[in-house]
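Peer 1: A structural model of the following input is requested.
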Amino acid sequence: MAPPTLAQKDKKLFADLLSQYENRQLTKGRKTADQILKKYPEHGETMCMKGLILVHLGLRDEGINLVKEGMRKDLSSHICWHVWALIQKSEHKYEDALKSYVQALKFDKDNFNILRDTAVLQTQTRQFEGLVETRHNLLRLRPYNRHHWVGLAVAYQLNGNLVEAKQVLEYIEGFLRNVGSYDVEFSELLMYHVRILEDMGDFQSALDMLGSHDRAKGGSVLDRMASTEMKARLLAKMKESIADDEQKAAWTEQADATWRWLLSQNADCYEYYKGFLANQGIDLANVTDENRERALEMLRGYFHVQVATAPRRLALHVAAGQDFKDLIKPYLTNALTKGIPSLFADLKPLYKDSVKRQVIEDTVEEFRATFAASSPPTGDSVDPTAYLWTLYLLAQHHSFLGRHKRAMEILDIAIAHTPTLPELYMTRARALKRAGDPHGAARAMNDARLLDGQDRFINTKTGKYLLRAGMVDEADKIFSMFTRGGAPAAADLEEMQAMHYLVEQGDCYRRAGKLNLALKKYYVIQKVFESFREDQYEFHQYSVRKTILNVYTEMLKWEDTVRSHPGFIHAAVATVQIWVALHDDATLGPSLQPAETAPDLSSSKKALNKAKKAAHKGQPEADGANSKKVTATQSEDRGLEPPRQRDDDPEGLKLVLAEDPLERADKYLAGLSELVPRNLEICFAIYDVAIRRKKYLQAVGMLTRAHSLDSEHPDLHVRIAHLKNTVSSLPEPIPAPVGSVLAESITSLLPEEVSLELFNSQYLQQHSSSPMAIMAHAKVAQISNAPQEEVESILFTVLREPVQLDHEAAFVVLSYLKDLKSPRAEEFRIACNDRFELSTLFRSAEEIAALQMSFSESGESRANDVSEREPVRKL
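Peer 2: The predicted model follows:
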């Protein structure tokens, strides 16, 4: 049935409706739509416009239903499709919205607004081929607008058509010759043009363009630092692309002058020194004995710059032997005298070289002896702080190397010397954390916090350490000191997208066995990264309009890889492990549910009667709402964004009862195998899901990739055995062609002539001193149906020599024994508790509860003392 045709007078009325919507005269627009629908009740376009207005007025469900009904009345109207696209876009369904826009363009191909929104959505969804066509259409409609030319050039670049992008940019610059002397947008356009030439490999043209537009010569490129950096980079690429030695020498000389100018502007930039040395054929990451002296000579040329520490620090990286000893002593003397807290973080990369590490230790110990000898007990010395910072550096040094007792002894001396320095207590906390004492670490970090109650960094570190110690309520109290008043700290930190908090709290709940709450936190992390994707939407049009092109294209590349962030990877792996555990143990989800309580029948009856009265009166709810107030606010524009949905499962109790745990895990992992192909944890997580979903080729593919990355990894050893056992236990062989490919892939990992028992014993022989390898050996023995007593005996061998057992590996073994419900778990715990004196990980449950209780009691009393002296700022 064809849609009704409006009379001329009613067409004018419909045009008024469109104008009223654009001007956000929503009440008038609603009345106008009702006036048209009274005469034409089947007019789809008016129904869609009225539905759109209702959505703006807050009547979302009613409005969307009306829009759907209007579309059914007129599927050939671009207005109906446009309205539906706007609603889909507001719900962040960008792919669906783009399909609706494409449908709208079929019926009105020259609609400028629809084309503009389509271009933005095509960029958002990375459909660059269609973007080029859309930008062509926009340019055809508005050929005299510079921004549409720029948009076309960007579309060509994103689609990989660099030659076409260059031609468009040349045309733009042709009709923009008479720009002002200080046009920022034109300057950015020129820099973008140079970047396009660089990506094409036309380095000579890029250099010529930079030279012709040099600001020092009256050119239009305003950012001289950025243009000079680009020039230096282009000169380096020119050298690599030619074989003529004479020409290469000329480029080297020109590049040397360019890097020297950059260093004269900023002598503390590490990247400039790397480029400066690379121009002479010296790679800072791989300095050889042949070029070491030359590199040191070039760096010494900048030692005279007093404010620059970069050349002296890079010289430490380059130097070796006596040169290093001669350089490290004045470097340490200067830093310790000034009292630089970050000195150890600055030196830590040098610890990769054991010789340099020992030289640093000997030098600092020499300083300590000198300062201690010159420091009388009264503390009246020439420079008492130098001695203090020397102790501080030594404590960090020993803690980093695992000498926890030595670090604690030095910290005790330092605290006795200056008991009011927060950094000492923070270092104590870090040393205790490394020693396996999360409760002592939290107490020490809290002591540091109490010395400076207004330091947000220490406040945050205290909260993190409390979460690691399993004290969630105490951590929330600490975090709430710097969060918005009137709201729970957890809600405020989620809104602020505090990744450190979300990750730590999720891990804390998981360690405590509260998998429902852990899942909720990990899914909040997923929402944070989804919001990163949505936030880029507003920049697609803005960046083109303001000609911020180089930064914009870099932002798009960053957005495409943002989920490779370690926080997201950690949350993804943890989430998958929880879903796999819920799948493997069907009783786990129900066991997390709280005990049922008897319902209050009287209150339920009252609520039912109240709801019936409300329904009888035609009101949404009868909880005291003022109908006049509701009517008064119906004319307010509430936008198209859907209201934030109230979480009906705040504790994740329904979530852990989901019937599709493996599908949810697979959805979380979507795309990560391509995004981080060299991440072993992702390989293992995908395998764990795929093998249970009977996706055997995907599973063996992940193990093959992991084998190419680390063929001796303990987790890989376990999964190879698991795959072999799973496939061989199938009731029927997998048919070709999958079966033959799978068998061939498994054979490449575990040859057919090697039995599972031989494979397992050979692995143990090769890694007999590794506790994690021994644990992998025990897991494979369990897969091979070995008796539990045998598995337990294997695990207990980690306590013998020459196994290099640390508290972290021991705790993993203890957790595995508990998972096995082994009667010897307590025996292992006691043995580890005796072995690791500083660690509290192996205390009994009663002892850990007492530690947490003592912290709460002492922390509250000390916090009250401090609050009386020093108020804490709230933000």
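
Peer 1: Relative to residue 467, how far out is the closest residue to residue 217 other than its chain neighbours?
Peer 2: Closest residue to residue 217 apart from its sequence neighbours, by Cβ to Cβ, 6 or more residues apart in numbering: residue 211 at 7.7 Å. C-beta: built from backbone N, CA, C; applies to glycine. In this structure, residue 211 and residue 467 are separated by 56 Å, where distance is defined by Cβ to Cβ, to the nearest Å.

Peer 1: okay, and for this structure, where does confidence drop off?
Peer 2: 1, 375-382, 486, 596-635, 858-875 (pLDDT under 70).

Peer 1: and for stretch 531-547, what are the contacting residues?
Peer 2: 92, 94, 116, 119-120, 123-124, 147, 150-151, 154, 185-186, 188-189, 192, 497, 548-549, 551-552, 555-556, 559, 562 (Cβ atoms under 8 Å, 6 or more residues apart in numbering).

Peer 1: rewinding a little: who are the packing partners of the helix or strand hosting the residue nearest to residue 217?
Peer 2: Assigned by DSSP states H and E, residue 211 belongs to helix 203-212. Secondary structure elements in contact with helix 203-212, counted by 3 or more Cβ pairs under 8 Å, 6 or more residues apart in numbering; DSSP states H and E, are helix 184-200, helix 224-241.

Peer 1: show me the contacts for the residue nearest the centre of the chain.
Peer 2: Taking Cα atoms, centre = their mean as the criterion, residue 565 is the residue nearest the geometric centre of the chain, at 3.5 Å. When contacts are counted by Cβ under 8 Å, 6+ apart, residue 565 touches residue 529.

Peer 1: ok, now residue 10?
Peer 2: For residue 10, the set of contacting residues under the criterion of Cβ under 8 Å, 6+ apart consists of 36, 39, 40.

Peer 1: What distance do you get for it to residue 54?
Peer 2: Computed with Cβ to Cβ, the distance linking residue 10 and residue 54 is 21 Å.

Peer 1: for residue 757, same thing?
Peer 2: Taken as Cβ to Cβ, the span from residue 757 to residue 54 is 70 Å.

Peer 1: Pull out the buried members of the contacts of stretch 531-547.
Peer 2: If you count burial by 16 or more other Cβ atoms under 10 Å, the buried members of the contacts of stretch 531-547 come out as 92, 94, 116, 119-120, 123-124, 147, 150-151, 154, 185-186, 188-189, 192, 548-549, 552, 556, 559.

Peer 1: List the buried residues in stretch 806-814.
Peer 2: Result for stretch 806-814 [16+ other Cβ under 10 Å]: buried residues 807, 809, 810, 811, 813, 814.

Peer 1: thought the fifth one was touching residue 798?
Peer 2: Yes: Residue 813 is within contact range of residue 798, at 5.7 Å (criterion: Cβ atoms under 8 Å).

Peer 1: Need the overlap of contacts for those two.
Peer 2: Residues touching both residue 813 and residue 798 by Cβ under 8 Å, 6+ apart: 771, 775.

Peer 1: circling back: dump the helices and strands packed on helix 203-212 into CSV; add distance to residue 692 as well.
Peer 2: As requested, the helices and strands packed on helix 203-212 are exported to CSV (distance: least, Cβ to Cβ, whole Å):
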stretch, distance to residue 692
helix 184-200, 44
helix 224-241, 49
